[in-house]
Each structure stands twice: as structure tokens, then as C-alpha cells.
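How does the following fold in three dimensions:
(2 chains)
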Amino acid sequence: MSARATRHPAPILSARDIVNRFGRQEVHDRVSLDVIPGEIVGIVGGSGSGKSVLLKTMTGLHRPDSGEVLIDGKPIGSIGAAEKASLIGVLFQQGALFSSLSVAQNVMLPMREHTDLPAKEQESIAAMKLELAGLTGDSAIKVPSQLSGGMVKRAALARALALDPKILFLDEPTSDLDPLTAGGIDSLIAKLNESLGLTVVIVTHDLTTLFTICRRVAVLVDGKITVDTVDRLMRSDQPWIHAFLHGPRARGALSARRQKHGNG
Amino acid sequence: MQQPTAQLSASTLAIHGEGDRLALDGVLDIRTLSQASKALRRWLDKRRGGRARRALDLDKLSGLDTTGALFLWRLGEQGVELTGVREEHQALFGLIGGLEHQPLRKPASLPRWRQLVIHLGKAADEAWHDTYDVIAFVGRATNALGYALAHPRYLRLPSISRQIAETGIDALPIIGLMAIMISVVIGYQGVAQLRPYGGEEFTINLVAVSMLREMGVLITAIMVAGRSGSAFAAEIGVMKAREEIDALNVMGMDAMNVLVVPRLIGLIITLPLLTFFSDIMGLLGGAMISQSLLHVSPVQYVDRVHHALAGGDLAVGLIKAPIFGFLIAVIGCMHGLRVKGSAASVGHETTRAVVAAIFVVIVLDALFSVLFEKLGL
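Residues are numbered from 1 along each chain as shown, chains lettered A, B, ... in the order given. Alright, predicted model coming up:
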């Protein structure tokens, strides 16, 4: 099944007919997803439905059994390392901060590798990114093991934004966070999306994230993908999607959406 | 005004105009920033104290990222007038302008001599704590071991047998090979040194006695410290880092009983057995050397070894093995339990466990040599 975004500008990220199998288990059965510049797309699905594998495929970390991923019209495999670093940024689920470096050094690492900015400039940029991500004061000189869960996510987000990528991939950005911090991350993502035109792909279980900031949602069920706006997905009669969007947890999230968007 | 851009290519930036009014044309992002920054700083420095206010026109700026916006915002702070800001860049300037822009805090730096003093103090404190920990841990481990032996219900036999398989049976090939190699080395040296005195026959005595009394147990203990001491530290360390030890605790199980005691018993059983195996293999290596260098047939060799060895030689070697086994296991487990949180800490403690175990084994072996000499064994 393919759900292509039509009538839109050329997609900045496009996964075409992705097939992934592990042994006899087929995780993705010709999955296609087009993301247009400046939109926030959520990817949801049950545990083991292949969300993370899809994210790995789209970031070029996993080579699919068939199908291709295009970023800006170019196959992801043909993009050079430095260019890829400036095109995509990834926030990994556990943060993946380098444990031997301080938070600020983590953020400066891609700049040191890929630009010739003087150290002082890099430091002020890193301070700005960290502040954007909501980290100030002493946290910049701490090492990752000294940070709380929410601070790890923020620091990892700052690092993902270090080179101002065009596409930001977020793997469960709000999991393990208290609701207030999670809400802060959500509004931060929305703010970056508005002011930078940043394209964002979020793998999440967090219904509030889906309802409040995602323009479209891709649902992975049984190896197939369904991509649509939240409103239209609400009316879907596919059993998993219905259960997911109409469960007791969805109600609370929906009220958050009403608060944000008015009655929508 | 074109400068070579940074490694990341693609976007380009041109700077037009002269005097107090310049215009940016193109994309100002992290790739073009160093170029823009160099050019504009020169422009700012050129005529300090000029009356007219400098202005930078951004109308033709087609692309801007947070880095570029930060740079322009700072120019604005320095008194440069930014004109013609495009609609789509307003939000970005709003975002950047709304930040507090505190400089990155630097870790407090101390003078060298104070660092040295602090380091010395910390090291001394750590050494004291290490010693204390080892003694306390040996006590706790012995207590737990005694309790388990007195209450066989708490002896975890499946766990012990797994430890014996992993630390003992799996180690047989490498330890056998090492023992043969060492006896070959001793044999060659013996023949070379004793030949001028016509005493090369005594090489057999040298190999047999030194393998049984010292080398067999030493090689085995060092190998096991490297193999199993590190494994204990890493296994328990990972469990500690992943809160599995805490999980055991809240379920009313003590890591000491569940994890440490089976490993202790396992190694106390396997190290003497491995040592015996290593002695046999060492003698076998001796036989090979005698055959090839001294032309002594295996049958004669067995006879010679029989005469060379006193009754106590084998026992002197084997008696040390369970003690080494106990200490290697205690040190490995102790360092495993000292892991704190991160994966780096697991690596750190594993290294320390191996170094400490080998150190203790060799020091203790030297003490035993002196002791047995005094006792006349």
C-alpha cells in the first residue's frame, strides 16, 4: 500500500517501497512515505511494528532488503558523510551522548569535524543550541552520566541541531519524561519547526505529541503503512488505528489538542 | 570578497556593497558563517569610530539558520543596523533574540601544583579505601561462603556447575597450551645454561620441579585472573549498571549469596583442578623437550621425573591454588559490585579487577616461596 503526498512541493524525504525482513518475519511490506519540507510527521505503531527499523532505514543506518530512500531527491547511500551530517540530525532514544565528553563538547563535536569555525565561535554556537534546547548554566560542563533523563534528551537534541540539519529525526523524544518536560520538548519542536522551517519525523507513542504538533501521522500496522492527518485517521475503521486513537489515553491527549488548536 | 568556504559545500554567500552599507546575498548558515564572519569583522574593524551607523541589508538573504541568525543578532547588538529582514526570518530572529545568551561556563581551572596535591590526596584516599574495601569484602564473602556451606539449601548448585564449566572446562585448551609452552621455554634455557657444566641432564629436574612447585599454578592463576576475574567483574558490573543488583535486593536476595558465592566456590574448585591439569601438561612439554634436546625417551623421562620430585612438590603447588582462586573471584566480584551507572565504569572496574588479581597472585606467590623455604618444604 502506498500513500503518496500529492499536490505538494517535492518531498525532502521520500521512502519508496521499503521492504525489510528479519529471517522469515517481514517487518515492512512495501512501505512508502513522503515527507514534504517543513512538516512534522509522526510515526506510530505497536511494539515490534518496525518503527525504529523504519527510522534506521530512513537515516541510512539500515539498508533495506528492497526499496530506496531519497533525501532531497538523492539516494541516501550516495550522499557524502559531511553533506549527510548537514542534512539530517537524529535524536536517539537513549540520547547516545558520548559519555567521555562534556555536554558542550558533545554539541561542538560535529562542528569541529565539519566546519572551520574558530573555537570561540563554536562555543557561543553550542551555548545557543543548548539554550534553545533548554539547557543553561552548569549543565554544559557536566558529563552525560551526571544528567537526568530529561536533560539527556535536551542535550541530545542540541547535538542533533548542531549543524542546523534540514530534517530532524526524533526517536521517542518524550518517552521516560515527566509530562511537563515532555510538553516542553513538544513545544520546542514546534517552535523550531515554525521558525526554522525544520522538517521533523517523530517516532513516538506519545499521543499528546501526535495530537498537538504532528501535521500528518504514519501508522505502521502489519507491515503496511497508512499516512494521513490525525483528523482523518480518527475516522479510520482499521481496528488497531481505531483502538489506538480512541482508547482512554487518547481522550486526555485530545483535550490537549483542543486547547491548542481550538475545537479541532 | 569570496573566501574558500568550509568543507560542507552547497550553499554560497556573497557580500555586496561598500563603505558603511553592505548587503548579504545568498545563504548564511553554518557552512558560510566562517567566510561571512571573517569578511564582516574586517569591515567592522576597518574604521573604528566612524560617525555613520553601519547597516547590513538582508533583503537578498535567501537562507538563514540559527547559527547565522545568532551571528547577525550579535552584529545587531554591536550597533550594526539590520535592514530589509525578510518576513520568513522574523520568527528566527525572535527565537534567537529571546535567548539569554549566557556564555558557556568553563570548568573551574586550578593551578598545576594544586591539581597535583589534590590528585595525590585523592589517590592516597582511594588506596586506603581500596584496602579497606578488599578486607571488608573478603570478610563478607567468607561469611557468606561459610553460611552457604553450613546451609546447603542456599548452595546454588546449577549456578556453581555453570561457573565450573565456564571458568574450568572452557579454559582447558588455553591453559594446557600455555603450560606446554612455558615448560618448553624453561627446558631450552635449562639445557643452554647447564650444558657448559655437563649437567644438562638436570634440565629434567628443573622443568619438573619448577612446573609443579611454581610455574603451573602461577600460569594457571594468571590466565584465570585474565579470563574469569575480568568476566566476573564485567558480568556483575553490567548487572549493577542495569539495576539488576537492586532488583535482587528488593526481592530479598543478596548479591553476595546469589552472585558472589557461586563464583567463589566455582573458582575454588576449578583452580586446583586446572593447576593439576597444567602440571601434567607441563611435564608433557618437558617430555617433548627431553626427547628432542636430550634424547631421553619418554619411559626414561618418567623414571627421571619420579626420582627428581620430592613428595611435597606437587602439594606445594596445589595448596596455593584454592587460595588464589578465592582471591581472584573475590577481587573480580568486588570490582563488579563497585561499578557505578555508566558503561565506562564497567570497563574501568574490569581493568582494575584484572590488574589487582594478577598483582595479588604474584605477591602472594612470592610470600609463599619464602614461607615454604622457611618451613623447609
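
and residue A:159, what does it touch?
A:89, A:97, A:106-107, A:109-110, A:129 (CB atoms under 8 Å, 6 or more residues apart in numbering or on different chains). To be clear about C-beta, it is placed using only N, CA and C from the backbone, and glycine gets the same treatment.

mind redoing it with 10 Å?
By CB atoms under 10 Å, 6 or more residues apart in numbering or on different chains, residue A:159 lies in contact with A:89-92, A:95-98, A:101, A:103-110, A:126, A:129-130, A:133.

Can you narrow those down to the ones near chain B?
A:103-104, A:107-108, A:110, A:126, A:129-130 (CB under 10 Å from any CB of the partner chain).

any idea which element residue B:27 lies in?
Assigned by DSSP states H and E, residue B:27 falls within strand B:21-28.

list the helices and strands that strand packs on?
Judged by 3 or more CB pairs under 10 Å, 6 or more residues apart in numbering or on different chains; DSSP states H and E, the packing partners of strand B:21-28 are strand B:13-18, helix B:33-46, strand B:55-64, helix B:66-77, strand B:81-83.

Which secondary structure element of chain A has the lowest mean pLDDT?
strand A:2-3 (a mean of 42; mean pLDDT, DSSP states H and E).

Ranking the helices and strands packed on strand B:21-28 by mean neighbour count, which comes first?
Each of the helices and strands packed on strand B:21-28 was scored by mean neighbour count; the highest is helix B:66-77, a mean of 22, by mean count of other CB atoms under 10 Å in any protein chain shown.

sorry, back to before: any idea which helix or strand comes after the least confident helix or strand of chain A?
As the chain continues past strand A:2-3, the following element, by DSSP H and E, is strand A:13-22.

Could I get the full set of strands for the stretch 151-264 of chain A?
A:167-171, A:199-203, A:216-221, A:224-228 (DSSP state E, counting those that start in this stretch).

Pass me the low-pLDDT residue ranges in chain A, would you?
For chain A, the stretches with pLDDT under 70 are A:1-8, A:261-264.

picking up where we left off before, tabulate the helices and strands packed on strand B:21-28 (a markdown table), appending distance to residue B:204 and mean pLDDT.
Formatted as a markdown table, the helices and strands packed on strand B:21-28 follow (distance: least, CB to CB, whole Å; pLDDT from 0 to 100):
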| stretch | distance to residue B:204 | mean pLDDT |
| --- | --- | --- |
| strand B:13-18 | 84 | 80 |
| helix B:33-46 | 75 | 81 |
| strand B:55-64 | 84 | 82 |
| helix B:66-77 | 77 | 85 |
| strand B:81-83 | 93 | 82 |
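
Which stretches in the stretch 51-200 of chain A count as helices?
A:51-58, A:81-87, A:103-114, A:119-132, A:149-160, A:179-196 (DSSP state H, counting those that start in this stretch).

mind checking how far the shortest one is from the chain centre?
Right, the one you point to is helix A:81-87. 17 Å (CA atoms, centre = their mean, to the nearest Å).

What is that helix packed up against?
strand A:66-71, strand A:74-75, helix A:103-114.

Now with 8 Å, please.
Contacts defined by 3 or more CB pairs under 8 Å, 6 or more residues apart in numbering or on different chains; DSSP states H and E place helix A:81-87 against helix A:103-114.

Would you mark the buried spots in the helix it packs on?
Within helix A:103-114, the residues scored as buried using 16 or more other CB atoms under 10 Å in any protein chain shown are A:103-111, A:114.

for stretch B:306-315, same thing?
B:308-309, B:313-314.

same check, this time on stretch A:147-161
A:147, A:150-161.

Would you mind checking which of the residues you listed is nearest to chain B?
Proximity of the buried residues of stretch A:147-161 to chain B, judged by CB to the nearest CB, is greatest for residue A:161, which lies at 7.2 Å.

Can you tell me how far that closest one is from residue B:297?
As judged by CB to CB, to the nearest Å, residue A:161 and residue B:297 stand 78 Å apart.

One more: residue B:183?
For residue B:183, the distance to residue B:297 (CB to CB) stands at 17 Å.

just to revisit the earlier point, just the closest of the buried residues of helix A:103-114 to residue A:77, please.
Closest approach between the buried residues of helix A:103-114 and residue A:77, by CB to CB: residue A:114, at 19.4 Å.

Ignoring the adjacent residues along the chain, who's closest to that closest one?
By the measure of CB to CB, 6 or more residues apart in numbering or on different chains, the closest residue to residue A:114 outside its immediate chain neighbours is residue A:82, 5.1 Å from it.

ok, which residues in chain A are in contact with chain B?
A:82-83, A:85-86, A:99-100, A:102, A:104, A:111, A:114-118, A:121, A:123-132, A:136-138, A:140-141, A:144-145, A:161, A:163-164, A:191, A:194-197 (CB under 8 Å from any CB of the partner chain).

Now do the buried residues in the strand holding residue B:27.
So for strand B:21-28, counting by 16+ other CB under 10 Å, buried means B:22-28.

Quick check: closest non-adjacent residue to the residue in the stretch 201-350 of chain B that chain A sits nearest to.
In the stretch 201-350 of chain B, the residue that lies nearest chain A is residue B:342 (4.5 Å; CB to the nearest CB). Sequence neighbours aside, residue A:145 is the residue nearest to residue B:342 in space, at 4.5 Å (criterion: CB to CB, 6+ apart).

Kindly report the same for residue B:335.
residue B:353 (3.7 Å).

Hmm, the one you found is touching residue B:230, no?
Yes - assessed by CB atoms under 8 Å, residue B:353 is found in contact with residue B:230 at 6.2 Å.

Any idea what residue A:28 is bridged to?
Beta-bridge partners of residue A:28, counted by DSSP bridges, are residue A:20.

Please parse chain B into its domains.
B:13-97, B:144-375 (automatic domain parsing).

want to throw those into TSV with distance to residue B:113?
Output for the domains of chain B, formatted as TSV (distance: least, CB to CB, whole Å):
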stretch	distance to residue B:113
domain B:13-97	38
domain B:144-375	27
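
out of those, nearest to residue A:223?
Residue A:223 lies closest to domain B:144-375 among those, at 31.6 Å (CB to CB).

I'd like the distance from that closest one to the chain centre, please.
The answer for domain B:144-375 is 21 Å, by CA atoms, centre = their mean.

what is the mean pLDDT for it?
The predicted model gives domain B:144-375 an average pLDDT of 92.

Got phi/psi on residue B:248?
Per-residue torsions, residue B:248: phi -60, psi -40 (degrees, to the nearest 10).

quick one, what contacts it?
Residue B:248 neighbours (CB under 8 Å, 6+ apart): B:254-255, B:258-259.

got a winner among the residues you listed for most neighbours?
Within those, most neighbours by other CB atoms under 10 Å in any protein chain shown means residue B:259, with 24 neighbours.

Tell me which helix or strand the closest residue to that one other than its chain neighbours sits in.
Excluding the flanking residues, the one nearest residue B:259 by CB to CB, 6+ apart is residue B:236, at 5.8 Å. Per DSSP H and E, residue B:236 falls inside helix B:230-241.

What helices and strands are in contact with that helix?
Looks like helix B:230-241 contacts helix B:312-337, helix B:343-375 (3+ CB pairs under 8 Å, 6+ apart).

Tell me how many other residues crowd residue 116.
This is for chain A. Residue A:116 has 16 nearby residues by other CB under 10 Å.

The chain in question should be chain B.
Neighbours of residue B:116 (other CB under 10 Å): 11.

pLDDT wise, what is it at?
Taking residue B:116 on its own, its pLDDT is 93.

Same question for the one 3 residues further on.
As predicted, residue B:119 sits at a pLDDT of 93.

Residues contacting stretch B:118-131, please?
Contacts for stretch B:118-131 (CB under 8 Å, 6+ apart): residue B:110.

try it again with 10 Å
B:110, B:133, B:334-335, B:338, B:352, B:356.

Mind picking the two most distant members of these?
B:110 and B:334 (32.1 Å).

Which one's more surrounded, those two?
Comparing residue B:110 with residue B:334 by other CB under 10 Å, the one with more neighbours is residue B:334, at 25 against 11.

Could you double-check that the more buried one lies in contact with residue B:136?
Yes - here residue B:334 reaches residue B:136: they are 9.2 Å apart, a contact under CB atoms under 10 Å.

Kind regards, and thank you for your time.
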